[in-house]
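Novice: For reference, the sequence and a predicted model appear below.
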Amino acid sequence: MAKNAFMKELTPSAELAKVVGSKPLPRTEVVKKLWAYIKKNKLQDAKNKRNINADETLKVIFGKSVVNMFEMTKLVSKHLS
């Protein structure tokens, strides 16, 4: 049976690996680990929960200091191969 696209394991870039680890992961796991990192470091905006205030590590991945949760997935895709 073919794996669907969501379950395909992708290799994180060196920058993304600082957050999610360097071993290949399905996109769903990458997003889960990113959210764990965001919550652990209290990076979710207090007023607008859809926004993430990137720390130095995430700024390198996102390319900017504030992203919304919908934009985050698209920006992270550039770091998966």
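Specialist: Everything's here; your move.
Novice: For the residue nearest in space to the middle of the chain, which residues are in contact?
Specialist: Centre of the chain computed as the mean C-alpha position; nearest residue by C-alpha atoms, centre = their mean is L34, 4.3 Å away. For L34, the contacting residues are 19-20, 72, 76, by C-beta atoms under 8 Å, 6 or more residues apart in numbering. Glycine gets a C-beta too; all of them are placed from N, C-alpha and C.
Novice: and with 7 Å instead?
Specialist: For L34, the contacting residues are 19-20, 76, by C-beta atoms under 7 Å, 6 or more residues apart in numbering.
Novice: can you put those residues in TSV and add secondary structure and distance to I52?
Specialist: Formatted as TSV, those follow (DSSP: H, G, I helix; E, B strand; the rest coil; distance: C-beta to C-beta, whole Å):
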residue	secondary structure	distance to I52
V19	helix	12
V20	helix	15
V76	helix	11
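Novice: Most neighbours out of these, which is it?
Specialist: Among the contacts of L34, V76 has the most neighbours (other C-beta atoms under 10 Å), with 23 neighbours.
Novice: which intervals of this structure have sub-threshold pLDDT?
Specialist: 1-3, 5-6 (pLDDT under 70).
Novice: redo that, cut-off 80
Specialist: Counting by pLDDT under 80, the chain contains low-confidence ranges at 1-6.
Novice: re the thing from before, please identify which of the contacts of L34 is nearest to A46.
Specialist: V19 (21.3 Å; C-beta to C-beta).
Novice: does the closest one really touch K59, like I thought?
Specialist: No. In this structure, V19 is not within contact of K59 by C-beta atoms under 7 Å, at 11.7 Å.
Novice: returning to what we had before: I believe the residue nearest to the centre of the chain is in a helix; please confirm or correct that.
Specialist: Yes. L34 sits within a helix when classified using DSSP: H, G, I helix; E, B strand; the rest coil.
Novice: Buried by neighbour count: which residues of whichever strand or helix holds K18 qualify?
Specialist: Assigned by DSSP states H and E, K18 falls within helix 14-20. Neighbour counts over helix 14-20 (16 or more other C-beta atoms under 10 Å) mark 16, 19-20 as buried.
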